[in-house]
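A.B. asks: requesting a structural model of the entry that follows:
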Amino acid sequence: MKSARWAGVFFLLVTATGWALNWPAMKILLREWPPLFSRGVAGVTAAFLLAIVALCSGEPLRVPRQLMPRMLLAASTNVFAWMGFSTLSMKWLSVSEGALLVYTMPIWAMLLAWPVLSRRPSAEGFVSLALGLAGVVVLLGGQGFAFDAGKLVGILFALLAAVLFALGTVITRTPLPIAPITLVAWQVGLGCAPMIVLGLLIEHPHFAALNTAGWAVLIYMTLVPMGVCYLAWFATLRHLPPEVASIGMLLVPIMGIVAAALALGEPLGFREIAAMALTLSGVALALRRKRQGKEADA
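C.D. replies: Residues are numbered from 1 along each chain as shown. As a prediction, this is how the structure comes out:
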């Protein structure tokens, strides 16, 4: 049992590290390619690779027709909104701003469960909301909230990513009865293909703009965050309880912000550290509340 737990911790660290490094990687790639197109190309390529892995693992790729509406909803909220809008926000926000805003998702899920599922937040839930909002205020208040239009657009996209992913989580309470790798391949493919179309129509990418660093980042985004990390996440869930794994994923914004400070020279001072402590404390409380709600339903 102890060896299985340590294996789970190892896979969790692999997942968190890969997803965390994707935040500064996106900032580098956005210097050369537009956000929707770059994320779409990486995602669709990763979906094909995951489909091959699923076949090699003996998983069927066919999805029953009656499950396709739920699959499309999950792809829209979990991939198109979550990945697409969070990547768009990086055009105007720093990694610390974007990551912390996006990772408030569990707080919004807790709040949306009130009107959708008639599950009123407890006093602890409202404390988590207060902590999360306090962290955001600390982070964004450094300039006295004197934002230009671009900054406001970035904040809007980051919050939309969090809120829409949270809404999808609340609406689709039961998991799709589809093998895990196949499920991710379909969701990523269906969610990222529209990004390529929109990118070609709106962003007009210059295909020859990528230099060596850009290609390296694109390959990393395809293979690691959308490939290796998803496989490691499934392995994590086989060895650790879901609530432990979810809390452990709070390492992602922390590691991403530190990596951006080291690689890109983004600020990492008392304000950023205080914002991380406040926001992620609120998220941790919301995750705890979510777990208690599931136990009550059971």
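A.B. asks: mean confidence for stretch 72-80?
C.D. replies: What stretch 72-80 shows for mean pLDDT is 92.
A.B. asks: what does it contact?
C.D. replies: For stretch 72-80, contacts defined as C-beta atoms under 8 Å, 6 or more residues apart in numbering pick out 43, 164-165, 167-169, 171-172, 176, 186-192, 194-195. C-beta here means a position set from N, CA and C on the backbone, and glycine is covered the same way.
A.B. asks: buried ones among these?
C.D. replies: By neighbour count, with 16 or more other C-beta atoms under 10 Å, the contacts of stretch 72-80 hold 43, 164-165, 167-169, 176, 186-192, 194-195 as buried.
A.B. asks: narrow those residues to those in strands?
C.D. replies: Assignment to strands by DSSP state E places none of these there.
A.B. asks: now do E32 against L50, distance only.
C.D. replies: Note on E32: its distance to L50, by C-beta to C-beta, to the nearest Å, is 25 Å.
A.B. asks: the more surrounded of these two?
C.D. replies: L50 (24 against 18; other C-beta atoms under 10 Å).
A.B. asks: list the contacts for the more buried one?
C.D. replies: By C-beta under 8 Å, 6+ apart, the residues touching L50 are I181, V184, A185, V188, M226, G227, Y230.
A.B. asks: what's the most distant pair in the residues you listed?
C.D. replies: I181 and M226 (11.8 Å; C-beta to C-beta).
A.B. asks: the more surrounded of these two?
C.D. replies: M226 (27 against 21).
A.B. asks: now for the nearest residue to the more buried one once chain neighbours are set aside, how many residues are close by?
C.D. replies: Excluding the flanking residues, the one nearest M226 by C-beta to C-beta, 6 or more residues apart in numbering is A46, at 3.5 Å. Look at A46: counted by other C-beta under 10 Å, it has 24 neighbours.
A.B. asks: what sits against A46?
C.D. replies: Listed by C-beta under 8 Å, 6+ apart, the contact partners of A46 are V188, C192, T222, L223, M226, G227.
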